[in-house]
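> no FASTA, just this:
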């Protein structure tokens with residue numbers, strides 16, 4: 001009986017770490033060819049950014065997935081964009097969806113650093129200004145997990161975003177350990193155009 005219990009515990013831990021390493025079933029380092037071999041259509045939307053039709057493991061809360069690639073290193077950033085949510089000016093429905101996603105990510109990565117920040121001089125400081133403050137970029141509402149103990153992911157981010165004072169969406173981002181250097185490499189390539 002103890003053997004079965006230990007086996008199930010090990011199996012569960014393995015599944016959690018497998019899911020952590022393959023965000024939505026997409027592996028950091030995959031090339032566009034790798035995506036296509038998995039049956040995933042990838043549309044180039046700007047240099048090195050691809051919009052995916054459906055990842056191997058989609059999440060019900062998201063309807064768009066974007067990856068950023070490097071010609072030599074493959075995928076080094078993954079972003080999921082949530083479905084539009086109709087909300088009241090307090091952002092109640094958006095906060096509820098955010099807490100759901102935050103809880104799901106916390107079950108994998110532990111407790112992250114949560115930020116609920118409004119600029120001190122913002123005029124959007126009333127409770128019913130919550131969505132508008134988010135929309136105009138004077139409010140930030142997100143959680144991040146840094147220095148994750150996963151060889152393929154360095155940082156995870158979940159945030160609430162507003163498209164208007166009455167609608168918003170949740171986004172989740174995954175960063176590879178070499179994200180900063182590959183981002184700098186891309187910026188250097190762009191600078192070479194001048």
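Good, I have the coordinates. Predicted model, so just to flag it, every value in this text is computed and none were measured. Residues are numbered from 1 along each chain as shown.
> Around residue 187, how many other residues sit close by?
10 (other CB atoms under 10 Å). Every C-beta, even on glycine, is put in place using the N, C-alpha and C of the backbone.
> May I have the predicted confidence score for it?
Listed pLDDT for residue 187 reads 92.
> Any chance of the backbone angles for it?
Note on residue 187: backbone dihedrals following degrees, to the nearest 10 are phi -70, psi -40.
> Return the distance of it relative to residue 154.
Using CB to CB, to the nearest Å, we find residue 187 at a distance of 18 Å from residue 154.
> Can you give the distance of stretch 72-82 from its chain's centre?
9 Å (CA atoms, centre = their mean, to the nearest Å).
> quick one: contacts of it?
The set of residues external to stretch 72-82 that reach it, using CB atoms under 8 Å, 6 or more residues apart in numbering, is 23-24, 26-31, 34, 59, 61-70, 97, 101, 169-176, 178-179, 182.
> Would you mark the buried spots in that stretch?
74-82 (16 or more other CB atoms under 10 Å).
> And stretch 132-139, by the same measure?
Buried positions in stretch 132-139, judged by neighbour count with 16+ other CB under 10 Å: 132-135, 138-139.
> Now do that stretch: everything it contacts.
By CB under 8 Å, 6+ apart, stretch 132-139 touches 89, 91, 116-119, 122, 124-125, 130, 140-141, 160-165, 168.
> Then stretch 49-57?
With contact meaning CB under 8 Å, 6+ apart, stretch 49-57 is reached by 19, 22, 24-26, 32, 35, 38, 40-45, 64-69.
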